[in-house]
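J.: Kindly generate the corresponding structure for this input.
(chains A and B)
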Amino acid sequence: MSRAAVFHSIAVTGGVAHACVRRTHAERLCAGHFPGDPIVPGSSLAGLMADVAACVVAERGEGTELLEVVRCVFLHPVRPDDEITVSARVRDGTSVDAEVDAGGRCTARATLRFGTRG
Amino acid sequence: MSAVSPAALLRHREPALLLGAVDSFAGRTLTCSARDARSWQWPEMLEAAAQAAGLLVGLQPGGLDNTAVIAEYRDVAVHAAAHRGPLHLVAAVERRILRFWRCRFEARAPDGTVLLEGRVALAPRTG
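T.: All right, here's what the predicted structure looks like:
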């Protein structure tokens, strides 16, 4: 799926990326998860953070293949009708810290490692 | 292994339910096959593995019910960002700390190649 279908804006400046997730995409992610109680899957949040983090890594000219989700913590459930934003900044080398904010609070954080798969 | 039905035990429904048949269940380990042989991206493989872990924890004595949530992923090595075809999942209980259950998981291709592996912590839903 193209980034344009997932995010309605992505901005990368000075090693920091911010993106806003399209509501239609969030709703798609919640199909069947769960009936009557839609929650964006944690794995999908990890994927969104990795997508935005890859933009930061690409800006630096580094390898953009995700090698490892070092750690990903979920703090609060994310609903598809929340305003969902994803941000990422370089931690060190090819590691990136990323965060999902929804409903005005941080809902997930991750550290991701990128490189080139041998 | 027909006694354990992911569809009956998990809250997930199509298209979110990714697990098909349970291939084996031996107390603290479980293997199962994904419902569909299709094109997989790594977050979907991760989700399938998490569902296998959730199913396994739900089957443990004193385990979590199907409202349990993913608290954390850790050390998830993405060996392949994408895979096409059948997917097999392996989950094993690693440890329980208070109300948190930590499992190791693998997503494998039919030939046994490990596509993705790591750890997941599940917790009871609060609020």
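
J.: Enumerate every residue touching the residue lying closest to A:Val70 once chain neighbours are set aside.
T.: Leaving out its chain neighbours, the residue that sits closest to A:Val70 by C-beta to C-beta, 6 or more residues apart in numbering or on different chains is A:Thr111, at 4.2 Å. Quick note: C-beta positions are derived from backbone N, CA and C, even for glycine. Counting by C-beta atoms under 8 Å, 6 or more residues apart in numbering or on different chains, A:Thr111 makes contact with A:69-72, A:91, A:95-98.

J.: now with 7 Å?
T.: Contacts for A:Thr111 (C-beta atoms under 7 Å, 6 or more residues apart in numbering or on different chains) come out as A:70-71, A:91, A:95, A:97.

J.: measure A:Arg28 to chain B for me?
T.: 9 Å (C-beta to the nearest C-beta, to the nearest Å).

J.: Please apply the same query to A:Gly61.
T.: For A:Gly61, the distance to chain B - C-beta to the nearest C-beta - is 20 Å.

J.: A:Val86 is in contact with A:Ala46, isn't it?
T.: No - between A:Val86 and A:Ala46 there is no contact, the gap being 10.7 Å when judged by C-beta atoms under 7 Å.

J.: hey, what's in contact with both of the two?
T.: Here A:Val86 and A:Ala46 share no contacting residue, scored by C-beta under 7 Å, 6+ apart.

J.: Now the biggest helix by length in chain B - C-alpha only, PDB.
T.: For chain B, the helix that runs over the most residues, judged by DSSP state H, is helix B:42-58. C-alpha atoms of helix B:42-58 as PDB (Å, rounded to 0.1, in the frame of the first residue of the first chain):
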ATOM      1  CA  TRP B  42       6.100  -8.200   8.300                       C
ATOM      2  CA  PRO B  43       3.500  -6.400  10.400                       C
ATOM      3  CA  GLU B  44       1.000  -9.100   9.400                       C
ATOM      4  CA  MET B  45       3.400 -11.900  10.300                       C
ATOM      5  CA  LEU B  46       3.900 -10.200  13.600                       C
ATOM      6  CA  GLU B  47       0.200 -10.000  14.100                       C
ATOM      7  CA  ALA B  48      -0.300 -13.700  13.300                       C
ATOM      8  CA  ALA B  49       2.500 -14.600  15.800                       C
ATOM      9  CA  ALA B  50       0.900 -12.400  18.400                       C
ATOM     10  CA  GLN B  51      -2.400 -14.200  17.900                       C
ATOM     11  CA  ALA B  52      -0.700 -17.500  18.300                       C
ATOM     12  CA  ALA B  53       0.900 -16.200  21.600                       C
ATOM     13  CA  GLY B  54      -2.500 -14.900  22.800                       C
ATOM     14  CA  LEU B  55      -4.100 -18.300  22.000                       C
ATOM     15  CA  LEU B  56      -1.400 -20.100  23.900                       C
ATOM     16  CA  VAL B  57      -1.600 -17.900  27.000                       C
ATOM     17  CA  GLY B  58      -5.400 -18.300  27.000                       C
END
